[in-house]
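>>> Please find the sequence and the predicted model below.
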Amino acid sequence: MRPAAGDVDHALPTRRGTARHRLVLVAVLTGLALVASGCGSDDGSVDEPTAAESWASDVCSTVGAWTSTVADARATLSTPRDLSANEIEATFTEVSTATSTLVEELGDLGTPDTEAGDEAQDRISSLSEQLQTQADVVEDATSDQPQGMGELLASVSAVTGALAQMISDAQAAIADLRVLDGAQELEDAFTEADSCAELRS
């Protein structure tokens, strides 16, 4: 028995709608596949950082961790009258240890494999010497036993001055590394490295 005319008219749009839905679904899935295949490199691998990028990131990570310790120490020593002699001495020791570790780690970085690699290594060596000079000031304050509050406050003043100088030296070194002759690769690396963001000023 043939369907009534009304039934035919009702069935055709339904079949056509279903076909259109299938076509739309196929198009969407095809588009997603193309997008997915376009992500990443052609061979599916992730680009490895260049030698300059790795070296810059290591420099900034190392200096950044030390800077955080020094900044905390400066904040602690900003109100020396609220601290005991043991607390002040412990803060001095913390800074001295952190700086010794930094100097050692900077020495382990080696020379970056870039056009200005030798100049960059020389600047890092210079920074290590600057930091060690100020670390000696902190060490002297740690080894001396202050007699009375007056000498203790004088030691705190000497150490906080040394800390400020060390932070300034570190920031200057990072700035110098970015503008060495032939160091465009290093400049780009320091600009791109997330760990360098707080050391660019």
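Thanks, I have the structure now. Numbers count the residues shown, from 1 in each chain.
>>> Would you point out which residue is most central in the chain?
Against the mean C-alpha coordinate of the chain, by CA atoms, centre = their mean, the closest residue is S195 at 0.9 Å.
>>> C-alpha coordinates for stretch 113-120, PDB please?
Output in PDB follows, covering the C-alpha atoms of stretch 113-120 (Å, rounded to 0.1, in the frame of the first residue of the first chain):
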ATOM      1  CA  ASP A 113      77.800  27.500  22.400                       C
ATOM      2  CA  THR A 114      77.100  30.800  20.800                       C
ATOM      3  CA  GLU A 115      78.900  33.500  18.900                       C
ATOM      4  CA  ALA A 116      79.500  35.500  22.000                       C
ATOM      5  CA  GLY A 117      80.000  32.500  24.200                       C
ATOM      6  CA  ASP A 118      83.500  33.400  25.500                       C
ATOM      7  CA  GLU A 119      82.500  37.000  26.300                       C
ATOM      8  CA  ALA A 120      79.400  35.700  28.100                       C
END
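>>> Got the domain ranges for the chain?
1-47, 51-199 (automatic domain parsing).
>>> Comparing the ones you listed, which comes out most buried?
domain 51-199 (a mean of 17; mean count of other CB atoms under 10 Å). No exception for glycine: its C-beta is placed from N, CA and C like everyone else's.
>>> any idea of the mean pLDDT for that domain?
Domain 51-199 comes out with an average pLDDT of 87.
>>> Surely L186 touches V179?
No: L186 lies out of contact with V179 (CB atoms under 8 Å); the separation is 9.2 Å.
>>> residue contacts, S126?
A173 (CB atoms under 8 Å, 6 or more residues apart in numbering).
>>> Next secondary structure after whichever strand or helix holds it?
Following DSSP states H and E, one finds S126 within helix 117-143. Next in sequence after helix 117-143, counting helices and strands by DSSP H and E, comes helix 148-178.
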